[in-house]
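[1] the following comprises the amino acid sequence and a computationally predicted model.
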Amino acid sequence: MRRATVRAFRTAQICPSRNLASRSRGGHFQSSSHVLGIRHASGRSEPVSKIEAASKGTSSMYIRRFSVAFVSGLVGYGAWYTYKGEGGEAAKGGYLNSISTAQGQQSRALSTSPSYPSSQPVQETEEVERKAVIVGPDTLYTGAIAGNQPITKDTDGAGRKVLEMLTPEQATQILRRNEESYLVGRGKGVVRYDVVQIASNDPIEDDHSEKIIELPEALATATAARNPSSDWMFWGVFDGHSGWTTSAKLRQVLISFVARELNSTYKAALADPSVDSPSSDAIEAAIKTGFTRLDNEIVHESVEKVLKANSKLVAAELLAPALSGSCALLSFYDSNSKLLRVACTGDSRAVLGRRGASGKWAATSLSVDQTGSNSDEEARMRKLHPGEPNVIRNGRVLGGLEPTRAFGDATYKWTREVSERLKRSFFGRTPSQLLQTPPYVTAEPVVTTTKIEPEKGDFVVMATDGLWEMLTNEEVVGLVGQWIEKQSAESNGSVGNSWVKMFSTQQKGLPVEQGTASKEKDGQKTPIRQQQWGVKGGENARFVVEDKNVATHLVRNALGGKDKDMVCALLTLPAPYSRRYRDDLTVEVIFFGNGDKSGDVVVNKEASALAKNIKPKL
């Protein structure tokens with residue numbers, strides 16, 4: 001077996017400054033200043049191989065360069081990938097060209113390139129140089145491979161693979177595959193909402209649900225003097241973990257559970273002629289009751305049914321949503337009061353964008369990330385479980401689960417006896433050795449209430465933590481503002497975009513006020529992926545507006561924006577390797593405004609995946 005020729009290459013070790021200088025590599029591959037690295041899930045550091053010999057001196061950009069002989073051998077073997085016919089001769093001239101890697105004490109990195117081979121036609125006899133990714137459990141490389149045969153090759157027993165990198169066009173297809181957009185012509189303060197999902201796990205563990213409910217007739221009659229008709233609007237994003245079944249359960253029934261409790265609360269309040277609506281506390285309590293009743297059904301009522309049925313088939317169906325887990329973020333907008341209530345269980349996040357007097361948008365968090373790293377959540381947990389020093393360990397519940405609030409995750413809620421009985425008779429997970437006084441995790445949400453101002457063009461971004469690992473609140477709000485500017489400039493009377501002209505400010509860059517709140521005090525996560533990838537450059541160098549769906553626009557920029565190689569490489573990675581570099585992504589953006597009153601909710605085709613038979617959720 002003949003190995004392809006491998007050109008000499010260099011690696012860069014990322015120092016604490018996490019700065020990497022752009023440097024030409026020779027050949028056809030140019031590395032940029034953006035570097036993608038990996039953080040071990042365990043948090044442990046990995047020693048540098050003894051084979052690596054560091055060269056003398058350090059550059060003014062705090063970069064140390066050294067050669068890596070063993071990687072040359074690995075990549076050389078991996079670059080031999082083409083065959084002509086069964087057992088035929090390997091394609092001539094295949095090589096991995098100018099590979100660039102970066103390895104720090106705890107991370108190894110992917111150098112990306114803004115350049116692409118010429119798109120001009122080539123003769124059939126010529127070999128085409130294409131981008132490729134070599135991916136393993138702990139390493140990631142990019143380079144160019146010459147040849148015109150399909151690229152896919154297992155390089156060794158450790159699971160390393162050579163994959164052909166997606167082109168920018170193919171990456172865009174993936175980004176837009178699941179996008180949805182709806183124009184809301186209800187005349188009730190909401191004009192549009194967009195949503196998109198990008199999987200990292202296989203299958204994706206995120207889910208989402210939206211529903212617009214016309215106010216029940218009894219309630220509409222009671223409030224007829226003020227508003228003869230009103231809408232309850234719900235949007236939910238659900239970040240699953242340890243499986244997809246819990247988030248799928250939430251998609252199916254959470255809104256119904258909450259709406260049922262709200263309906264009862266409104267009816268009880270309106271039975272009093274002197275009251276025209278329930279109190280804010282009563283509404284928040286109803287939302288919390290909807291959450292906790294559903295979780296009780298998932299975690300505890302399921303056990304009763306399984307033990308009664310004594311069937312492994314029933315156990316497989318009912319215990320799956322209990323054994324996996326999911327965070328939940330649900331927004332409830334009452335068009336009558338114009339109040340938006342955001343219920344958060346876990347570490348998904350909602351952020352309000354509101355334009356100020358300066359014309360820029362201000363970002364305001366409507367939820368707090370509930371993890372073991374949140375000092376308020378840690379204090380709450382320690383108060384509930386006194387005398388248990390490991391109730392929060394390394395920022396995690398009993399050292400294992402990061403969110404302190406979640407649906408499912410029954411091994412943190414069942415007694416040890418229940419867990420062991422189910423595992424012995426059916427199946428299940430062994431509870432933590434630190435488990436003493438369950439439940440440790442609750443599905444009860446923290447609810448915030450915000451007065452929406454549709455006339456100011458308020459918008460809300462809801463997303464699972466995969467987005468907030470990549471972008472700050474201000475960057476997300478600024479990117480939506482930038483998208484509004486672009487859509488306004490290109491609308492030309494389009495029905496789908498005409499509303500954005502009301503809120504355009506025609507400012508350059510990200511039109512957002514920079515926040516000053518301390519992330520350590522407010523409990524919010526910081527975008528660790530920016531540090532992992534070595535992201536550099538200002539907003540003009542990083543961000544781009546290419547999508548009609550604003551949720552897709554946010555995801556594209558979270559994955560690299562203008563750095564097309566980074567976007568393509570991150571979307572090329574298959575599961576489970578991709579999970580080390582990015583999480584599942586679910587993003588939803590709701591635009592408020594005083595739009596038309598057609599009464600319809602229609603699919604916005606220019607910002608939706610036409611291949612899907614999506615229907616409005618009214």
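    Good, I have the coordinates.

[2] helices and strands of the protein: which one bottoms out on pLDDT?
    strand 64-67 (a mean of 26; mean pLDDT, DSSP states H and E).

[3] strands of the stretch 401-550 of the chain, start to end?
    407-408, 446-451, 459-463 (DSSP state E, counting those that start in this stretch).

[4] in its sheet, what does the second one sit against?
    The sheet places strand 446-451 alongside strand 339-345 (antiparallel), with pairing taken from DSSP bridges.

[5] do me a favour and average the pLDDT over the strand it pairs with.
    Averaged over strand 339-345, pLDDT sits at 98.

[6] over to stretch 433-450?
    Here the average pLDDT along stretch 433-450 is 98.

[7] wait, doesn't Gly372 sit right on Asn390?
    No. Assessed by C-beta atoms under 8 Å, Gly372 is found out of contact with Asn390, at 10.9 Å. Just so you know, the C-beta spots here come from the backbone N, C-alpha and C atoms, and that holds for glycine as well.

[8] who's more crowded, those two?
    Gly372 (22 against 16; other C-beta atoms under 10 Å).

[9] enumerate the positions of the helix of greatest length in the chain that are buried.
    For the chain, the longest helix by residue count, based on DSSP state H, is helix 245-270. Within helix 245-270, the residues scored as buried using 16 or more other C-beta atoms under 10 Å are 245-251, 253-255, 257-259, 261-263, 265-266, 269-270.

[10] and if you look at stretch 346-357?
    In stretch 346-357, counting by 16+ other C-beta under 10 Å, buried: 346-355.

[11] so where does Met233 fall, helix or strand?
    strand 231-241 (DSSP states H and E).

[12] and that strand with strand 339-345, angle?
    Angle, strand 231-241 to strand 339-345, by axes from the mean of the first three to the mean of the last three C-alpha atoms, to 10 degrees: 20 degrees.

[13] end-to-end on stretch 432-443?
    19 Å (C-alpha to C-alpha, to the nearest Å).

[14] name the residues that touch that stretch?
    291-292, 294-295, 328, 345, 381, 385, 388, 390-391, 393, 397-401, 403-407, 409, 411-416 (C-beta atoms under 8 Å, 6 or more residues apart in numbering).

[15] which members of the residues you listed occur in helices, if any?
    291-292, 294-295, 381, 416.

[16] and stretch 368-387, end to end?
    Per C-alpha to C-alpha, the first residue of stretch 368-387 is 27 Å away from its last.

[17] give the buried residues for that stretch.
    Going by 16+ other C-beta under 10 Å, stretch 368-387 has these buried residues: 368-374, 377-378, 380-381, 385.

[18] coming back round to it: next, the angle from the longest helix of the chain to strand 339-345.
    140 degrees.

[19] for helix 245-270, packing partners?
    For helix 245-270, the elements it packs on are strand 206-214, helix 217-222, strand 231-241, helix 280-296, helix 312-323, strand 325-334, strand 407-408, judged by 3 or more C-beta pairs under 8 Å, 6 or more residues apart in numbering; DSSP states H and E.

[20] quick one: mean pLDDT for the first one?
    In this case it means strand 206-214. For strand 206-214, the per-residue pLDDT averages 95.

[21] next, the angle from it to helix 245-270.
    Going by the same axes, to 10 degrees, strand 206-214 makes 20 degrees with helix 245-270.

[22] before we move on, which element is Leu571 in?
    helix 564-572.

[23] then that helix to CSV, C-alphas only?
    What follows is helix 564-572 as a C-alpha-only set of coordinates in CSV (Å, rounded to 0.1, in the frame of the first residue of the first chain):
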residue,chain,number,x,y,z
LYS,A,564,-16.1,29.8,5.9
ASP,A,565,-13.5,27.1,6.6
MET,A,566,-14.5,27.1,10.3
VAL,A,567,-18.2,26.9,9.4
CYS,A,568,-17.6,24.1,6.9
ALA,A,569,-15.3,22.1,9.2
LEU,A,570,-17.6,22.3,12.2
LEU,A,571,-20.6,21.1,10.1
THR,A,572,-18.5,18.4,8.4
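
[24] give me the helices and strands touching it, please.
    Right, helix 564-572 is packed against strand 35-37, strand 129-135, strand 140-146, helix 168-176 by 3+ C-beta pairs under 8 Å, 6+ apart.

[25] now those as a markdown table including mean neighbour count?
    Below are the helices and strands packed on helix 564-572 laid out as a markdown table (neighbours: other C-beta atoms under 10 Å):
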| stretch | mean neighbour count |
| --- | --- |
| strand 35-37 | 26 |
| strand 129-135 | 23 |
| strand 140-146 | 25 |
| helix 168-176 | 16 |
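
[26] please produce TSV containing those, extended by distance to Gly189.
    Shown next, in TSV, are the helices and strands packed on helix 564-572 (distance: least, C-beta to C-beta, whole Å):
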stretch	distance to Gly189
strand 35-37	41
strand 129-135	46
strand 140-146	46
helix 168-176	28
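
[27] figure out which of those is closest to Leu570.
    Within these, the stretch nearest Leu570 is strand 35-37; the backing value is 7.3 Å (C-beta to C-beta).

[28] tell me the mean pLDDT over that closest one?
    On average, strand 35-37 scores 36.

[29] and if you look at stretch 353-368?
    Mean predicted confidence for stretch 353-368 is 94.

[30] and what of stretch 238-255?
    97.

[31] rewinding a little: taking strand 325-334 as reference, get the angle to the longest helix of the chain.
    30 degrees.

[32] report the angle between the axes of helix 245-270 and helix 280-296?
    Using the same axes, to 10 degrees: helix 245-270 against helix 280-296 is 140 degrees.

[33] look up the closest residue to Met233, ignoring the ones flanking it.
    Tyr333 (4.4 Å; C-beta to C-beta, 6 or more residues apart in numbering).

[34] what's across from that neighbour in the sheet?
    Met233, Leu340.

[35] distance of it from Leu510?
    26 Å (C-beta to C-beta, to the nearest Å).

[36] same for the strand holding Met233, what does it pack against?
    By 3+ C-beta pairs under 8 Å, 6+ apart, strand 231-241 packs against strand 206-214, helix 245-270, strand 325-334, strand 459-463, strand 585-592.
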